[in-house]
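In: kindly generate the corresponding structure for this input.
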Amino acid sequence: MFGSISSLVLYMDASEPVVEVLVEGELSPFEHEALYELLKKHFRLEQPAYSELLDETVGTRVNITFHHSYDRSFFADIFQEDWRGLKELFKQIRYRRGRLGAAFKLTFTDEKVQLVFSTGLLGDEELGSAMDQIAHLTGIVGQMMRPETMVEPLGQVETRYDGKSDRWQGFRGVGRTDKKEYVFDESIFRWKTG
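Out: Next comes the predicted model:
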């Protein structure tokens, strides 16, 4: 599903951002419909696709790819108040998986870079904080992605949420042309080879 939709992105109206959803494991019919309806208000999308969950440490993993740059306009103009609705739906999905819980991966992709936020297993408060921070980190991440902080323009950047420190950290990137791995060094506010 991801390959076919990705090729369609080039031909779609730019005023309608595209989103793709891949669920590893299962969602209940209610969760499926709630997620689809919430996203459909703001994005062009197909029904969520499903694949087998190979990770036995988690009950379900929901992967959402937004074909939009990670910036303030995404939260202020496109997703607006429904970001809070997505956060609440994620909490319900996590709660309904019991001790196995649920993990979430949110990817923002544009023509320059793919930015990936992975939560891992989190409690309610941690998940809420992680989602709130995603919506408020656009300025800081924008500063991190300035050309003067990089040795090489990055094609992909990934980060994980750490519940103990209550922050997104461990930003890692891959150079767009050199394919080398880079890590963000907060002490010097620069990317360096990992």
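
In: what segments of this structure are helices?
Out: Ranges of helices in the chain, per DSSP state H, are 2-9, 29-40, 72-73, 82-96, 124-136, 138-144.

In: nearest to Leu154, out of these?
Out: helix 138-144 (9.6 Å; C-beta to C-beta). In this view, the C-beta of every residue, glycine as well, is placed from N, C-alpha and C.

In: so which bits of that closest one are buried?
Out: For helix 138-144, the neighbour count (16 or more other C-beta atoms under 10 Å) marks Thr138, Val141, Met144 as buried.

In: who's in contact with stretch 34-41?
Out: Stretch 34-41 is contacted from outside by Val19, Val21, Leu27, Leu45, Gln47, Pro48, Val62, Ile64, Asp82, Gly85, Leu86, Leu89, using C-beta atoms under 8 Å, 6 or more residues apart in numbering.

In: in TSV: those residues, plus pLDDT, distance to Val183 and neighbour count.
Out: Output for the contacts of stretch 34-41, formatted as TSV (pLDDT from 0 to 100; distance: C-beta to C-beta, whole Å; neighbours: other C-beta atoms under 10 Å):
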residue	pLDDT	distance to Val183	neighbour count
Val19	95	29	20
Val21	97	29	22
Leu27	95	34	21
Leu45	93	33	20
Gln47	92	37	12
Pro48	93	33	21
Val62	97	27	24
Ile64	97	25	22
Asp82	92	33	14
Gly85	93	34	17
Leu86	95	29	20
Leu89	96	32	19
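
In: possible to save the residues you listed as JSON lines with distance to Leu100?
Out: As requested, the contacts of stretch 34-41 are exported to JSON lines (distance: C-beta to C-beta, whole Å):
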{"residue": "Val19", "distance to Leu100": "26"}
{"residue": "Val21", "distance to Leu100": "20"}
{"residue": "Leu27", "distance to Leu100": "14"}
{"residue": "Leu45", "distance to Leu100": "27"}
{"residue": "Gln47", "distance to Leu100": "24"}
{"residue": "Pro48", "distance to Leu100": "19"}
{"residue": "Val62", "distance to Leu100": "14"}
{"residue": "Ile64", "distance to Leu100": "20"}
{"residue": "Asp82", "distance to Leu100": "27"}
{"residue": "Gly85", "distance to Leu100": "24"}
{"residue": "Leu86", "distance to Leu100": "21"}
{"residue": "Leu89", "distance to Leu100": "18"}
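
In: between those, which is nearest Thr193?
Out: Using C-beta to C-beta, these come closest to Thr193 at Ile64, 30.3 Å.

In: got the helices of the chain as JSON lines, with distance to Val58 columns?
Out: As requested, the helices of the chain are exported to JSON lines (distance: least, C-beta to C-beta, whole Å):
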{"stretch": "helix 2-9", "distance to Val58": "20"}
{"stretch": "helix 29-40", "distance to Val58": "15"}
{"stretch": "helix 72-73", "distance to Val58": "31"}
{"stretch": "helix 82-96", "distance to Val58": "10"}
{"stretch": "helix 124-136", "distance to Val58": "13"}
{"stretch": "helix 138-144", "distance to Val58": "26"}
